[in-house]
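Trainee: Any chance you can model this:
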Amino acid sequence: MVVSPPAWHPYCGVAPVPAAWWESWNFDPVLFAAIAIAGIVWWRRAGHLRAARKPAAAALAAVLLLFVTPFCALSSALFTARVVHHVLLATLLAPLLVAAFDMRRVSGSLAGWTAIQALVLWAWHLPAAYSAALSSDAVFWAMQISITLSAALWWARVLRAEAGAAVLSLLATMVQMGLLGAILTFAGRAYYAPHWLTTQPWGLSPMEDQQIAGIIMWAPASAIYLLCALTILYRSFAAEPAR
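Mentor: Residues are numbered from 1 along each chain as shown. A predicted model of the protein is given here:
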């Protein structure tokens, strides 16, 4: 049983109702072929590095969680799940890919990559772009790849930067994430048409769904960047006496 309007054909499938959610697995052969190709590329580039094996395994687990398990279908029903999906792309999958593929040589300034990551995130949360992603597989994957890749390149630059620059970049990212979340939380209407008819079976109005998603961006998602900044500060201060 599904409740998505005919106009929307999300890659993860039409929105499930709670009773049928756990049946909504995604076994797309193209996806599994892409995972296999990525594994071959990884093995040729960094498979011999012992330190890269655990991040690679964790990255694979993250991909399976986000695109194969019923969580993928849940993101067709709830904007809240889609926001969690995007946050995990940027803060979990992206840094794992940095570690798995040993992405140390990234050109460009840290400020530039900070801006690019923010622009990509905001662009995909424009209602028109978001609706396009949930009605076209090609646009959907453009969304997923651009969010993940821009975040990975940014993380690679953050990890190579001096402590002060890294902290400033992390705090800037925290602020822009929180601002986007605040806008979604206090908006006067529900912006995302693909979810106007899919949230009610889950006990939420489209506006409530959007507000919860905004709060997630505003608080826990932003806190991830704050914790990373505090960790870098702590380590930099701890290193001073050693020097």
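Trainee: low-scoring stretches of the protein, by residue?
Mentor: By pLDDT under 70, the low-scoring segments of the chain are 1-7, 47, 238-243.
Trainee: Show me where it has its helices.
Mentor: Along the chain, the segments classed as helices by DSSP state H run 29-46, 50-67, 70-77, 79-88, 94-100, 110-124, 127-133, 137-160, 163-185, 206-216, 222-242.
Trainee: can you give me the offset of the third one from its chain's centre?
Mentor: Meaning helix 70-77. 14 Å (CA atoms, centre = their mean, to the nearest Å).
Trainee: re the thing from before, what's the closest of the helices of the chain to Val14?
Mentor: Go through the helices of the chain one by one with CB to CB and the one that ends up closest to Val14 is helix 70-77, at 6.3 Å. To be clear about C-beta, it is placed using only N, CA and C from the backbone, and glycine gets the same treatment.
Trainee: For that closest one, C-alpha coordinates in CSV please.
Mentor: What follows is helix 70-77 as a C-alpha-only set of coordinates in CSV (Å, rounded to 0.1, in the frame of the first residue of the first chain):
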residue,chain,number,x,y,z
PRO,A,70,14.0,0.6,4.1
PHE,A,71,15.5,3.9,5.4
CYS,A,72,15.8,4.8,1.7
ALA,A,73,12.0,4.4,1.2
LEU,A,74,11.3,6.2,4.4
SER,A,75,13.0,9.3,2.9
SER,A,76,10.4,9.2,0.2
ALA,A,77,7.6,9.6,2.8
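Trainee: now the angle between helix 206-216 and that helix, please.
Mentor: With axes from the mean of the first three to the mean of the last three CA atoms, to 10 degrees applied, the angle from helix 70-77 to helix 206-216 works out at 130 degrees.
Trainee: residues in contact with helix 70-77?
Mentor: The set of residues that contact helix 70-77 without belonging to it, under CB atoms under 8 Å, 6 or more residues apart in numbering, is 3-4, 8, 10, 12-17, 21-26, 65-66, 81-82, 84-85, 134, 194-195, 198-199, 201-202.
Trainee: Just the buried ones out of these, please.
Mentor: Among the contacts of helix 70-77, those scoring as buried are 3-4, 8, 10, 12-16, 21, 24, 26, 66, 81-82, 84-85, 134, 194-195, 198-199, 201-202 (criterion: 16 or more other CB atoms under 10 Å).
Trainee: nearest residue to Ser205 other than its sequence neighbours?
Mentor: In space, Ser205 comes closest to Thr199 once its chain neighbours are excluded; the distance is 6.4 Å by CB to CB, 6 or more residues apart in numbering.
Trainee: and what of Leu171?
Mentor: Spatial nearest neighbour of Leu171, chain neighbours left out: Ala229 (5.6 Å); criterion: CB to CB, 6+ apart.
Trainee: got the contact list for that neighbour?
Mentor: 166-167, 170-171, 174.
Trainee: top of those residues by neighbour count?
Mentor: Tallying neighbours with other CB atoms under 10 Å puts Leu170 at the head of the contacts of Ala229, with 24 neighbours.
Trainee: and the gap between it and Ala138?
Mentor: Per CB to CB, to the nearest Å, Leu170 is found 32 Å from Ala138.
Trainee: Perfect, I'm done here.
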